[in-house]
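In: Take a look and give me a structure for this.
(one chain, ligands or ions: 3)
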Amino acid sequence: MKRALRSMLYIPGNNPGMIQHAPIFGADSVLLDLEDAVALSEKDAARRLVTRLMGVLDFGDVVVTVRLNGADTSFFEEDLKAVVPCRPDAVRLPKCSSPEDVVAADVRMTEIERSCGFESRTVKLHAMLETASGIALAREIASCCPRVTALTLGGQDLTADLGVAKTREGWELFVPRSQVALAARSCGIDAFDTVWADVNDHEGLLEETKKVVGLGFTGKAAIHPGQIPWIHKAFVPEEKEIAKALRIVEAAEAAEKEGRGVVAVDGKMVDAPVVKRARHTLDMARLAEGGVSR
Ligand SMILES: CC(=O)SCCNC(=O)CCNC(=O)[C@H](O)C(C)(C)COP(=O)(O)OP(=O)(O)OC[C@H]1O[C@@H](n2cnc3c(N)ncnc32)[C@H](O)[C@@H]1OP(=O)(O)O
Ligand SMILES: O=C([O-])CC(=O)C(=O)O
Ligand SMILES: [Mg+2]
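Out: Numbering: from 1, shown residues only. Ligands and ions are numbered 1, 2, ... in the order given. Next up, the predicted model:
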């Protein structure tokens, strides 16, 4: 079973206290950040700290991803050379604007993996789309290289690049989010949503996460441990949805045994896609209990 990555907690890469607590917050994944959470003067220290702690800390079943500095920065090559040998589950590559950005990173990562004796593409790549060009090329980026196992939307940078306000309702992100989810799901990879910046507004976070789950996102980034339970809650189907899904699956199984293709539940026709959605609802309900299967 694939590990579900509903929540991904950003932790500034220059904060040893926060990183040491990474395994205890209940997040599915942590994002050790070398990019925007780290001041320019701290970049080298953050890289040293993150790579050192990855070597000694037991993260348990928490998936470790490292957000690198962008390929257009002077820190990128040093980040790659230091981080790839530590074998994080994935690196998050910010500001991917074209498939070429990803292919160039893939080539360099393969060289480093070879020099470490790792199998090629041991470390996955999450492509961050946070420029207008990146969003416009979402499907090309998602499909350009098998190392890419997720697309992730960066709403703060994207709204800055578009020159628009980032609103609480998020309507300015509706089309980009739909494009990212569609591109990712059409390539069979994950889609991760952007952060909710107001760490005290949990209801707003819950509402937004439910919306993006409804668009097909498989996970969302967090910036504060207090956000994690709210993100997980958004992935849990409501009791009445679970009860209905159970009725549908039971009715479909009974119909199949009796050799009937179509059946009605609560007066509505149940066919294969309805059963598929019902099974998905039950998977999500199980995930809420165990947190590990999808
Ligand atoms: C646009 C972007 O790129 S977003 C991604 C980059 N940004 C980040 O990574 C920011 C991550 N978040 C943070 O740094 C912090 O949560 C802030 C600055 C937003 C708020 O910090 P604080 O005011 O200290 O929050 P608060 O007082 O509620 O923290 C409570 C506890 O949680 C810890 N904590 C807060 N955020 C985090 C985090 N992201 N990871 C781990 N621990 C955290 C604090 O260290 C504190 O621990 P303590 O009780 O042991 O002292
Ligand atoms: O949402 C994120 O992952 C954070 C980010 O980089 C952005 O919003 O620009
Ligand atoms: Mg960003």
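In: burial count for the closest residue to residue 58 other than its chain neighbours?
Out: Distances taken as CB to CB, 6 or more residues apart in numbering put residue 23 closest to residue 58, at 6.7 Å, once the chain neighbours are dropped. Heads up, the C-betas are built off the backbone N, CA and C, glycines and all. Each residue near residue 23 was counted by other CB atoms under 10 Å, and the total is 16.
In: And residue 23, its phi and psi?
Out: Its backbone dihedrals place residue 23 at phi -70, psi -10, with angles given as degrees, to the nearest 10.
In: list the contacts for it?
Out: Under the criterion of CB atoms under 8 Å, 6 or more residues apart in numbering, the contact list for residue 23 reads 57-60, 62.
In: my read is residue 240 is in a strand, agree?
Out: No - counting by DSSP: H, G, I helix; E, B strand; the rest coil, residue 240 is located in no strand; its state is helix.
In: any idea how far it lies from ligand 1?
Out: Between residue 240 and ligand 1 the distance, using CB to the nearest ligand atom, to the nearest Å, works out to 35 Å.
In: next one: residue 45
Out: Counting by CB to the nearest ligand atom, the gap between residue 45 and ligand 1 amounts to 16 Å.
In: secondary structure element for that residue?
Out: Secondary structure here is read from DSSP states H and E; on that basis residue 45 sits in helix 43-56.
In: And the contacts of that helix?
Out: Applying CB under 8 Å, 6+ apart, the set of residues contacting helix 43-56 from outside is 12-14, 16, 19-20, 32-34, 38, 64, 66, 69, 75, 78-79, 82-83, 86, 88.
In: 10 Å instead?
Out: Outside helix 43-56, the residues within contact range by CB atoms under 10 Å, 6 or more residues apart in numbering are 11-16, 19-20, 22, 32-35, 37-39, 42, 59, 64, 66-69, 73-75, 78-79, 81-88.
In: can you list the weak-confidence ranges in the stretch 1-150 of the chain?
Out: Applying pLDDT under 70 to the stretch 1-150 of the chain picks out residues 1.
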